[in-house]
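Undergrad: how would this look folded up:
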Amino acid sequence: MRILVLDTIHGAGEIGAAYAGAGHTVNIVDIYRGTTPEAMQNALTCTYDLITAPVHMDPDHPLLAGKNIPFLTYHEAVRQLLGKRVPHPMIEITGSRGKTTTAHALAHILGERGVLHTSTGTYAFPEKSMLFKKSIAPASVLSAVTCAQQINGWLVVEESLGVTGAGDLAIITSADDYPFAAGKKNAMDAKIASGRSAPRLLIAPEVKAEGWNVVHVDDLAWCDRESCTITWHGTQHTIQNPLFHLPPYRVPLMLAATAAVLLGVNPAPLALFEALPGRMLVSRQKNVIIVDNANSGTNRETTLCAARYARHLAQSQELTLVIGQVEGDGKVCEGFSPEQIAGTIAEVRPTRVIHVGGIVDPMKCPGNNRDPPDRICGTLEDGRKTALGITSVGSIVLSVKTWR
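TA: This next block holds a predicted model:
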């Protein structure tokens with residue numbers, strides 16, 4: 001076949017190479033940066049047997065609109081390329097929030113030999129040694145699958161905007177929705193549609209999906225403070241972990257435990273799972289408690305939870321809030337807008353504010369919080385150092401939206 005692969009930023013090279021390796025003729029076009037002008041012109045007039053592009057590409061792009069040619073999203077192309085050559089078990093995880101936590105928690109349960117691919121890196125278990133660091137675009141699944149096959153282990157992969165459906169189980173971690181593809185598609189519709197190709201789709205509370213392969217986590221699992229109970233086919237498992245008490249951890253841990261049970265694995269090791277860096281990890285420096293909530297899913301809800309948690313641990317209302325989004329951090333799909341940041345500051349009512357990534361307009365703050373930030377920093381690390389320099393008691397909350 002003659003195949004056109006679009007968008008070199010999000011994995012066209014890997015997908016194109018895989019198709020070429022299978023004996024097809026492949027043309028790759030950079031649709032954003034203009035680095036392949038000759039290929040772009042040729043693609044406008046050539047005839048192809050298949051076009052593949054990321055799900056987030058504008059459907060009205062000249063290389064897509066009006067083309068009566070079979071089309072596959074990158075997720076579908078990767079599933080086609082993998083065929084039945086996948087490790088077992090293979091679990092795919094997508095969602096606006098909680099992907100990384102769910103993936104790490106499930107890998108912790110599975111233990112033994114396997115590969116964990118997330119936004120934090122790709123690791124070989126049980127050593128947890130770093131193999132490489134790639135994006136969570138579907139094209140990266142190809143490399144992760146190869147690594148898992150080489151060690152004859154399991155594979156847990158985090159993916160953006162959907163799953164390939166090639167694995168044993170797919171998970172959608174949150175119901176958050178937003179427009180993408182030039183505002184012409186909805187994220188939740190895309191994620192649910194991709195999950196219909198999976199043998200089984202486990203979904204978080206409030207995700208509205210039904211079907212033969214859909215399992216609602218709240219039909220099988222429930223939490224009571226620091227414990228979670230999963231019932232499946234007459235067997236009951238109960239896990240104790242203080243992280244269940246934290247809202248940002250509750251659903252991801254429920255999903256990980258339930259996924260394990262669906263796979264026939266005892267979820268008991270989850271009792272020893274600890275908070276991850278950037279996801280409510282707690283540390284102490286002298287008299288100050290630091291709650292690290294800086295990750296790609298940071299938003300108003302996680303920031304409010306982190307502030308409550310920090311004040312509880314410090315037994316003090318004194319709190320320095322490091323908040324914002326690093327300018328130019330294009331890897332974070334959903335932004336933390338100035339209006340959302342300002343509103344979050346107003347609700348937290350911190351003692352001091354350090355803004356990362358630019359200036360918040362104080363007039364956008366509701367209520368009485370109309371003061372400018374105490375400091376402005378360019379990076380998360382600068383914000384952390386600055387906060388430690390001006391905070392002697394109480395707590396610090398790091399809530400910068402950034403890729404980690």
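Undergrad: CA only for contacts and neighbour counts going forward, please
TA: Fine.
Undergrad: residues in contact with Leu50?
TA: Leu50 makes contact with 1-4, 69-72, according to CA atoms under 8 Å, 6 or more residues apart in numbering.
Undergrad: and it, what are its bridge partners?
TA: Here Leu50 sits in beta bridges with Ile3, going by DSSP bridges.
Undergrad: quick one, grab the pLDDT at it.
TA: We have a pLDDT of 97 for Leu50.
Undergrad: between the contacts of Leu50, which has the most around it?
TA: When neighbours are counted by other CA atoms under 10 Å, Leu4 leads the contacts of Leu50 with 24 neighbours.
Undergrad: residue with max distance from the center of the chain?
TA: Thr45 (37.5 Å; CA atoms, centre = their mean).
Undergrad: give me the nearest residue to Val215, chain neighbours excluded.
TA: For Val215, ignoring the flanking residues on the chain, the nearest one in space by CA to CA, 6 or more residues apart in numbering is Leu202 at 4.7 Å.
Undergrad: beta partners of Ser283?
TA: Beta-bridge partners, per DSSP bridges, of Ser283: Ile290.
Undergrad: how near is it to Thr25?
TA: Applying CA to CA, to the nearest Å, the value for Ser283 to Thr25 is 54 Å.
Undergrad: who's more crowded, those two?
TA: Thr25 (16 against 11).
Undergrad: pLDDT weak spots in the stretch 151-300 of the chain?
TA: For the stretch 151-300 of the chain, no stretch is flagged by pLDDT under 70.
Undergrad: all strands of it, in order?
TA: Secondary structure of the stretch 151-300 of the chain (DSSP state E, counting those that start in this stretch): strands located at 154-158, 169-172, 179-180, 185-186, 201-203, 214-216, 221-224, 227-232, 235-240, 281-285, 288-292.
Undergrad: before we move on, what about the stretch 301-404 of the chain?
TA: 319-325, 352-356, 375-377, 394-401.
Undergrad: let's have those in CSV, adding distance to Ala259, mean pLDDT and mean neighbour count.
TA: Listed next are those as CSV, based on distance: least, CA to CA, whole Å; pLDDT from 0 to 100; neighbours: other CA atoms under 10 Å:
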stretch, distance to Ala259, mean pLDDT, mean neighbour count
strand 319-325, 32, 95, 29
strand 352-356, 37, 95, 24
strand 375-377, 40, 91, 19
strand 394-401, 28, 96, 29
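Undergrad: to Gly83, which of those lies closest?
TA: The closest of these to Gly83 is strand 394-401. By CA to CA, the value is 36.2 Å.
Undergrad: just want the angle from that closest one to strand 352-356.
TA: 20 degrees (axes from the mean of the first three to the mean of the last three CA atoms, to 10 degrees).
Undergrad: adjacent strands (with direction) for strand 394-401?
TA: Strand 394-401 has these strand partners (DSSP bridges): strand 288-292 (parallel), strand 319-325 (parallel).
Undergrad: make TSV out of these and add distance to Phe336.
TA: Formatted as TSV, those follow (distance: least, CA to CA, whole Å):
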stretch	distance to Phe336
strand 288-292	17
strand 319-325	6
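Undergrad: what are the structural domain limits within the chain?
TA: With domains defined by automatic domain parsing, the chain comprises 2-69, 81-272, 281-401.
Undergrad: may I have the distance across the longest one, first residue to last?
TA: When the termini of domain 81-272 are compared using CA to CA, they are 37 Å apart.
Undergrad: same deal with stretch 327-337?
TA: Stretch 327-337 has an end-to-end distance of 11 Å (CA to CA).
Undergrad: now stretch 159-172
TA: Start-to-end span of stretch 159-172 (CA to CA) is 10 Å.
Undergrad: and of the strands of the stretch 151-300 of the chain, who's closest to Ala20?
TA: Closest approach to Ala20 among those (CA to CA): strand 154-158, 24.2 Å.
Undergrad: parallel or antiparallel, which strands does the closest one pair with?
TA: strand 90-94 (parallel), strand 114-118 (parallel).
Undergrad: these two touch, right, Leu202 and Asp219?
TA: No: using CA atoms under 8 Å, Leu202 and Asp219 do not qualify as a contacting pair, with a distance of 10.6 Å.
Undergrad: between those two, which is the more surrounded one?
TA: In terms of neighbours (other CA under 10 Å), Leu202 is the more surrounded of Leu202 and Asp219; the figures are 25 against 11.
Undergrad: from Gly297, how far off is the more buried one?
TA: 20 Å.
Undergrad: His61 - that's part of a helix, no?
TA: No: read with DSSP: H, G, I helix; E, B strand; the rest coil, His61 is coil and lies in no helix.
Undergrad: which positions in stretch 129-145 come out as buried?
TA: 134-142, 144-145 (16 or more other CA atoms under 10 Å).
Undergrad: swap that for stretch 258-266, please
TA: Across stretch 258-266, burial judged by 16+ other CA under 10 Å covers 258-262.
Undergrad: out of those, which are inside helices?
TA: Those of the buried residues of stretch 258-266 mapping onto helices are 258-262, per DSSP state H.
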